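>>> sequence first, then the predicted structure:
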Number of protein chains: 2
Amino acid sequence: MFPIDLGADPTIGGMVVTNTGGTRLLRYGDVRQNLLGIEAVLADGSVLDLMTALRKNNTGLDAKQLFVGTSGTFGVVTRALLRVVPRPAQRATALVGARDGATVLALLAHLERAVGDVLTAFEVISADALAPVFRYQPRLRSPFGAALPQFAVLVELSTTLPTERLPLDDLLESALGELVEGEPGEGISEIFPGKPAELWEIRHHVSESHRHEGEVLGLDISVPRSSLPALVDGARALVAEEYPFIRVCDFGHWGDGGVHLNLVWRAEDAPRPTAELKRELQPRIYELAVTRLRGSYSAEHGVGPHNQLFYDRYTPDVVKTLCRAVKAQLDPMGLLGTARLG
Amino acid sequence: MFPIDLGADPTIGGMVVTNTGGTRLLRYGDVRQNLLGIEAVLADGSVLDLMTALRKNNTGLDAKQLFVGTSGTFGVVTRALLRVVPRPAQRATALVGARDGATVLALLAHLERAVGDVLTAFEVISADALAPVFRYQPRLRSPFGAALPQFAVLVELSTTLPTERLPLDDLLESALGELVEGEPGEGISEIFPGKPAELWEIRHHVSESHRHEGEVLGLDISVPRSSLPALVDGARALVAEEYPFIRVCDFGHWGDGGVHLNLVWRAEDAPRPTAELKRELQPRIYELAVTRLRGSYSAEHGVGPHNQLFYDRYTPDVVKTLCRAVKAQLDPMGLLGTARLG
């Protein structure tokens, strides 16, 4: 199977130029790490053929890397050669309630130590991000009942080995059982083993449910993993003080340092128009993520018109100069791309 | 542990600028896939700080990629932030004799299907590459006796799970046992389970032993995995016809398409001086690998003075132009690097 697993359903070319990661990056890497070759059409109409099916090739500049994550500004990716991996024979999943961010990180460290080889997803959904799922998807039931924990963690193990060889359900049960004894145990509220399809359905409805709630400012942030609690707590503190009508609905891939930070509010509760609030909030959250926590304002969405301002603000001058030099060679008339990376 | 496992003992900076792979690329990837950040000193003495500890960051051009595999021509890599992985709790290894390249590929396909998650190495050593090991390392004994198989395959499984959970020795034994029944079985001559340390010692002495034999032209080639038999058989046919005094001693990482093709001879048997023979042979083997089999003339050694000629010959013009543009920005006076990538 092609291992990049996304909620959305983009084209392959779109995945390459944003270098998407998805929910199983922890195990399989992002698009860049699964890309063997590409073909790109350049601004002058010529075709650049880099479709070599090689896992190792170090003969100077690996030119395809220029097209990964650069939003199509250097060319249009028209073909790609992708690595595929053996499809797992079994999966085991559980939903774990955690009291705070430190407990979530301790749980992650424990699982990487105990079952690192077969850990394929570690998805975290805050209570405010999870509640709308059960409000708008009546078929989906909360295993926690009405009192959601601060963070719900979807843990997935998977393997190509058959159950007779390695019963994953047992393995997950015992790895989580050790928690009750161990250090993070105190912060763990509940553990629900569940069928993979049902738990993933909850996860995949998070983003959509937020749109039913009203206005959404969706930010796609990454920070070093150890700074994730500081990020989500910091965003909450910032909003609580000055924007009490907004809820921070964060969810994402703590295993690789990524968080979708959705700020959600009802237009009628807000003192100012939505567009104005978005312009005001976006730079404040990014300042927390990028300057204070040395993170990224775009973990896997690339650069587009929405974050052009922040590209201009945060990108080192040397990198901008390099981009201009490459752009001058490949697209001197500036025909391609929606972002200006110079 | 840092997962890149090499026979040699290079600096981290050297590993970044050649993008080394090593014997466990199959499981953990190459340096590029394990590199989170770098610091580079540029030709003007300025320091480019790209030391963000992020697993996901897609904010335009990922500038560190320019320094990976480009032999230091754009800057000197002075720091690196590397991914580490949990250390395996156990390993199981075996040496398998195979009659021909097709059998080796069938064995690889079988193992990826049966034990793909825990397969960490698949190293292949031809009889001519293996014989010198036992000639020059008297402590090491051939499990095959004197009659070496055409290819000896070192298979390694490893996992962070403990033996009680997943007995790897049993797993490897049963996965290899299935072969006798299955399709590749006919071509398998012998199977020797062995202690990891002993089997790896054989593997790690291959290259050194060749130097005791006389003159060595060492070529580091990769091709699509399915073309590996065509590469090693093709090289043998070429040499047998016109250079009967040369032995093709090939060994390497079939799991990721890489082969170290060492051509070995004694100076006194050769009709022409060593340097002349090397100049003559190198382009002929590369022509087979690169033009006929769509491979690479440098799988993990980068570009240096030795293969400048082939860089000039095989690199697409667009890529050379891009390199010149980047070089003009970062090192306009041409102070850095031993290869000319323009």
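Okay, I see it. Not measured: the values here are computed from a predicted model.
>>> show me the contact partners of stretch A:285-292.
Here stretch A:285-292 makes contact (CB atoms under 8 Å, 6 or more residues apart in numbering or on different chains) with A:219, A:221, A:223, A:231, A:234-235, A:238, A:261, A:263, A:295-297, A:310, A:314. To be clear about C-beta, it is placed using only N, CA and C from the backbone, and glycine gets the same treatment.
>>> do that again at 6 Å, thanks
Contact with stretch A:285-292 is made by A:219, A:221, A:234-235, A:295, A:297, A:310, A:314, as judged by CB atoms under 6 Å, 6 or more residues apart in numbering or on different chains.
>>> endpoint to endpoint, that stretch covers what distance?
10 Å (CA to CA, to the nearest Å).
>>> about what we covered before: ok, the contacts of stretch A:285-292 vs residue B:130, which is closest?
residue A:295 (50.1 Å; CB to CB).
>>> I'd guessed the closest one sits against residue A:223; true?
Yes. Residue A:295 is within contact range of residue A:223, at 3.4 Å (criterion: CB atoms under 6 Å).
>>> on that earlier part again, just the closest of the contacts of stretch A:285-292 to residue B:53, please.
Closest to residue B:53, out of all of the contacts of stretch A:285-292 and judged by CB to CB, is residue A:295, at 9.4 Å.
>>> give me phi/psi at the closest one?
Main-chain dihedrals, residue A:295, degrees, to the nearest 10: phi -110, psi -160.
>>> now it: how far from residue A:220?
11 Å (CB to CB, to the nearest Å).
>>> who has more neighbours out of those two?
residue A:295 (27 against 21; other CB atoms under 10 Å in any protein chain shown).
>>> from the contacts of stretch A:285-292, list the buried ones, please.
A:219, A:221, A:234-235, A:295, A:297, A:310, A:314 (16 or more other CB atoms under 10 Å in any protein chain shown).
>>> A strand includes residue A:96, no?
Yes. Assessed with DSSP: H, G, I helix; E, B strand; the rest coil, residue A:96 lies in a strand.
>>> which residues sit in contact with it?
Counted by CB under 6 Å, 6+ apart, residue A:96 has contacts A:153, A:191.
>>> on that earlier part again, out of the contacts of stretch A:285-292, which touch chain B?
Among these, proximity to chain B is found for none (CB under 6 Å from any CB of the partner chain).
>>> with pLDDT and secondary structure added, can I get these in a markdown table?
Below are those laid out as a markdown table (pLDDT from 0 to 100; DSSP: H, G, I helix; E, B strand; the rest coil):
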| residue | pLDDT | secondary structure |
| --- | --- | --- |
| A:219 | 96 | strand |
| A:221 | 97 | strand |
| A:234 | 97 | helix |
| A:235 | 98 | helix |
| A:295 | 97 | coil |
| A:297 | 97 | coil |
| A:310 | 96 | helix |
| A:314 | 96 | helix |
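>>> columns distance to residue B:71 on top of the residues you listed, output as CSV?
Below are the contacts of stretch A:285-292 laid out as CSV (distance: CB to CB, whole Å):
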residue, distance to residue B:71
A:219, 39
A:221, 35
A:234, 42
A:235, 43
A:295, 32
A:297, 33
A:310, 34
A:314, 30
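>>> who's in contact with residue A:164?
Contacts of residue A:164 (CB under 6 Å, 6+ apart): none.
>>> let me know the secondary structure of it.
coil.
>>> counting neighbours, what do you get for residue A:154?
Neighbour tally, residue A:154, other CB under 10 Å: 21.
>>> and the nearest residue in space to residue A:12 that is not next to it in sequence, helix, strand or coil?
Nearest non-adjacent residue to residue A:12, counting by CB to CB, 6 or more residues apart in numbering or on different chains: residue A:80, 5.2 Å away. Assigned by three-state DSSP, the conformation of residue A:80 is strand.
>>> for chain A, give me the ranges with low pLDDT.
A:180-184 (pLDDT under 70).
>>> go again with 90.
For chain A, applying pLDDT under 90 flags the ranges A:5-9, A:21-22, A:86, A:113, A:177-187, A:189-191, A:193, A:300-302, A:304-306, A:337-342.
>>> ranges for the helices of it?
Along chain A, counting by DSSP state H, helices occupy A:12-18, A:25-28, A:101-115, A:127-136, A:168-181, A:196-204, A:206-213, A:228-242, A:274-286, A:308-314, A:317-330.
>>> ok, now which ones touch the residue nearest the centre of chain A?
For chain A, residue A:258 is the residue whose C-alpha lies nearest the centre (CA atoms, centre = their mean; 4.7 Å). Shown in contact with residue A:258 (CB under 6 Å, 6+ apart): A:222, A:252, A:299, B:56.
>>> ok, which pair from those is furthest apart?
Across the contacts of residue A:258 (CB to CB), the longest gap, 10.0 Å, separates A:252 and B:56.
>>> looking at these two, which has the bigger crowd around it?
Just comparing residue A:252 and residue B:56: by other CB under 10 Å the higher neighbour count belongs to residue A:252, 26 against 23.
>>> surely the more buried one and residue A:262 touch.
No. If you go by CB under 6 Å, residue A:252 and residue A:262 don't touch, sitting 9.9 Å apart.
>>> what is the neighbour count of the closest residue to residue A:218 other than its chain neighbours?
Of all residues not flanking residue A:218 in the chain, residue A:262 sits nearest, at 5.1 Å (CB to CB, 6+ apart). By the criterion of other CB under 10 Å, residue A:262 has 26 neighbours.
>>> if I look at residue A:98, how far off is residue A:140?
From residue A:98 over to residue A:140 (counting by CB to CB), the distance is 20 Å.
>>> the two: which is more packed in?
Legend: neighbour count by other CB under 10 Å for residue A:98 and residue A:140, higher for residue A:98 (22 against 15).
>>> residues of the stretch 51-200 of chain A that sit close to chain B?
Listed as neighbours of chain B in the stretch 51-200 of chain A under the rule CB under 6 Å from any CB: A:52-63, A:65, A:69-70, A:86, A:112, A:116-117, A:159-160, A:166.
>>> can I have the buried ones of those residues as a ChimeraX selection?
Buried residues within those, by 16+ other CB under 10 Å, are selected in ChimeraX with:
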select /A:52,53,54,55,56,57,58,59,60,61,62,63,65,69,70,86,112,116,117,159,160,166
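>>> okay, and which of the residues of the stretch 51-200 of chain A next to chain B map to strands?
With DSSP state E as the criterion, strands contain residue A:159 from among those.
>>> which residues does residue A:220 contact?
A:260, A:298-299, A:301.
>>> for residue A:118, same thing?
A:157, A:159.
>>> if I look at it, how far off is residue B:172?
Applying CB to CB to residue A:118 and residue B:172 gives a distance of 17 Å.
>>> again, but for residue A:2
28 Å.
>>> so which of the two has more stuff around it?
residue B:172 (24 against 13).
>>> would you agree the more buried one is in contact with residue B:156?
No. With contact taken as CB under 6 Å, residue B:172 and residue B:156 are classed as non-touching, separated by 8.8 Å.
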